[in-house]
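Asker: predicted model follows, preceded by the sequence.
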Amino acid sequence: MFSCHASVSARRVAQRFLFQTRLSAAGPVCGLLCSNSSRSHNSGHSASGWSGTLFSQSCRSQSRGLSSSTQVCAAVPGPSSDDHPPRSPEAGPPGLLERWFGWESNIAVREPPSRLLMILPAFATHLCIGAPYAWSVVGSTLVREQGVVASAAADWSLGEATIPLSLAFAMQGIMAALAGKWQLRAGPRKSVALGSLLYGGGLLLGAAGIGTHQLWMLYLGYGIVAGAGVGIGYTPPVQMLMQWFPTRRGMASGMTIAGFGSAALVFGPAMSKLMSTFQRAPEYVGTADAVAVALQDGRLMADVGGAAREVVYAGATDLAQLSGALCELPEGYYAVGSGSTGAAAALGVMGAAYFTVLLSAALGTKIPQSVAARVSNVSPNTSTSPDPAPPTAAPSKQLEAAPEASLSVDQAMRMPQFYFLTTTFFCMATGGVAMLSVAKTMMGDVFSGSLPMLVTASFASAYVMMLAVGNLGGRLGWAVVFDRLGPKKTFLMFTLGSLPLYLMVPQSIQWVVESPSALPLGLFVASTTLAVSGMGATYALLPAFEAKLFGPDNVSAIHGRILLGSSIACLAGPSIIIYLRSLSEKSYMGDMLSKVNPDSFQHTFGVPLSQAQALIDAHTLTLTKLAAIMPGTVDPTPFLYNSTMYTMAGLMGVAGLSIAAIRDIDRKHFVTKAKQE
């Protein structure tokens, strides 16, 4: 026992001595460590941790004639920099949190049987935090949370229901930018662990907001807190896996962020199943002919059990868009607040499950020893290149790669390439997130009237999954192209290629309205899926593009800053599509109200035409319901998204021009740390 403690103490003292005196007297110190380490091994005690192993390797290299103090120090990955200072011998043994989530816990003590195993924690992390991509499954339900079968006056609008998605992805970029340098100091394990707390806790808080119908609590929980968890946990797994695959960065980045793109394939079906399990049908009041209703403060009121209660009317079109047992309910009036969509309970269950998976993934996150030796001596605020002398601790052949210089975060932000990439990110993310934010609602709006037997609630949910497949396919498929053709050609292909895809959407809508068939529907699904794949490719491959332009060492922090472009896009995309949809809806509604028969209107809705605006505000009057009482009038609902598609096509053109303007950075900007000093 004495020998073991002597070895550990000697190593700690030597570490501090080596890095305080830099290169002086390194050989004798390592000789002392070799001696103590040998005695510790012979007495039945192994050297503690990763530092002891590599110190022994340094000493063996010295005995082979590599006595240069520079070579010895290059082999030591010990925490010599200000970012990872050595523990004081007087500090005592590390605590539980330090052992599990301290800097040394990030480093693989031994190489795994296969580097492919390191894909699992990285992929699992992104599989959890990418769930907001399927938020439209929840958002389309929240617009009828009170009415259950149809929207009630107190229900949130579609715009309000999509804001949690915007906030979550906006916080992703903001938090990634703010925490980028901290993540370099803390390491990937602590970053993902903190992300698990924020993300799981945010979903639970958001579930409470839905259950109590408090919009601010939903925004705070799902949007702010969970979004911060997404930002904290996003970039560390990407950089970690690129460190395990230094010669296949496109593949490593794509494999990690593929989890982010495929998260909707898990979250969407799981939420649908859980909501169907927890949902409860509202109280049926009666048919339209049997129930007398009156408009009071913008709400439809009826006599229910001797008391005036708010009611909503659910017609055949409304019921066809519901899932589970709700779609089998009869047409008529239903009491508001008497049922449940099951969204709150379902989101709470998913929050607890995600916390468990993320924390487990954090414990499996490690970086290679050979990378730790370099990163431990790199400050995230300086531009560095690895020491030119070869390390005496020979790294695994699988991980060998030529040393690369890197720009710091501040240097990268002074380059025009940084802003070209940010612009590209903004444009591609704006289009993709806009589509994903209203995917389920859009499918119902566009095709349920023309193809009611085909486009049901289940089909709309399947469409969300199809977009998720496109998102995932873009991350994986374009990664292969990236490794073969290089970043610039690849980005030009999917940015400019997305432009005609968005232009094709309005044409397919026109075809299905004029001639209802499955062919225009298939064209619409294919066009939008391929367009979303371009967004997925941007998210997956941008870190590898950044590594090529700015160097690999500070990709995590640099990408965190570029993610601000995504944050703005996640606020702009849903806002643009909701705003343009609202403008079109108001235009069509005003035109139709000027032509509708007043008697037919009052007979159908129970109030005179002069009170139409109150019905609109109460979510009772829609374009589809109004078109139903106007013979010969085409329902304009499918055309609500045309202006959005033209806008997105323009953004794709801007993205392509930004990529075309990118040039390689002059090597004179890559200054080593030694030269700076």
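Answerer: Yep, that arrived.
Asker: now the strands: where do they sit in the chain?
Answerer: In the chain, the segments counted as strands under DSSP state E are 284-286, 293-296, 299-304, 307-314, 332-335.
Asker: what's the least confident stretch among these?
Answerer: Note on the strands of the chain: lowest mean pLDDT is at strand 293-296, with a mean of 82.
Asker: what comes up buried for that one?
Answerer: Buried positions in strand 293-296, judged by neighbour count with 16 or more other CB atoms under 10 Å: 293, 295. No exception for glycine: its C-beta is placed from N, CA and C like everyone else's.
Asker: name the residues that touch that strand?
Answerer: If you take CB atoms under 8 Å, 6 or more residues apart in numbering as the criterion, strand 293-296 is touched by 300-302, 308, 311, 333, 606-607, 611, 614-615, 618.
Asker: of those, buried ones?
Answerer: Applying 16+ other CB under 10 Å to the contacts of strand 293-296 flags 300-302, 311, 333, 606-607, 611, 614-615, 618 as buried.
Asker: on that earlier part again, how about the strands of the chain, which one is nearest D155?
Answerer: The minimum distance between D155 and those falls on strand 307-314, with 8.9 Å, by CB to CB.
Asker: which strands and helices lie in contact with the closest one?
Answerer: In terms of contacts (3 or more CB pairs under 8 Å, 6 or more residues apart in numbering; DSSP states H and E), strand 307-314 is packed against strand 299-304, strand 332-335.
Asker: can you list contacts of that strand?
Answerer: Contacts for strand 307-314 (CB under 8 Å, 6+ apart): 147, 149-153, 285, 288, 291, 293, 296, 299-304, 329, 331-337, 620.
Asker: buried subset of these as a ChimeraX selection?
Answerer: This is how ChimeraX selects the buried members of the contacts of strand 307-314, with burial counted by 16+ other CB under 10 Å:
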select :147,149,150,151,152,153,285,291,293,299,300,301,302,304,329,332,333,334,335,336,337,620
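Asker: before we move on, back to that, what is the nearest of the contacts of strand 293-296 to L549?
Answerer: Nearest to L549 among the contacts of strand 293-296 is A618, at 53.4 Å by CB to CB.
Asker: which ones are touching the closest residue in space to the closest one that isn't next to it in sequence?
Answerer: Of all residues not flanking A618 in the chain, A153 sits nearest, at 4.2 Å (CB to CB, 6 or more residues apart in numbering). By CB under 8 Å, 6+ apart, the contact list for A153 reads 298-300, 310, 336, 617-619.
Asker: in the chain, which helix or strand is least confident?
Answerer: In the chain, the helix or strand scored least confidently by mean pLDDT, DSSP states H and E is helix 69-75, which has a mean of 33.
Asker: and the residue nearest the centre of the chain, its phi and psi?
Answerer: Residue closest to the average C-alpha location in the chain (CA atoms, centre = their mean): G130, at 3.9 Å. Backbone torsions of G130, given as degrees, to the nearest 10, read phi -90, psi 10.
Asker: circling back: so which of the helices and strands packed on strand 307-314 is nearest G560?
Answerer: The nearest among the helices and strands packed on strand 307-314, by CB to CB, is strand 299-304 at 46.6 Å.
Asker: thought V513 was touching V634?
Answerer: Yes: with contact defined as CB atoms under 8 Å, V513 counts as touching V634 (6.7 Å).
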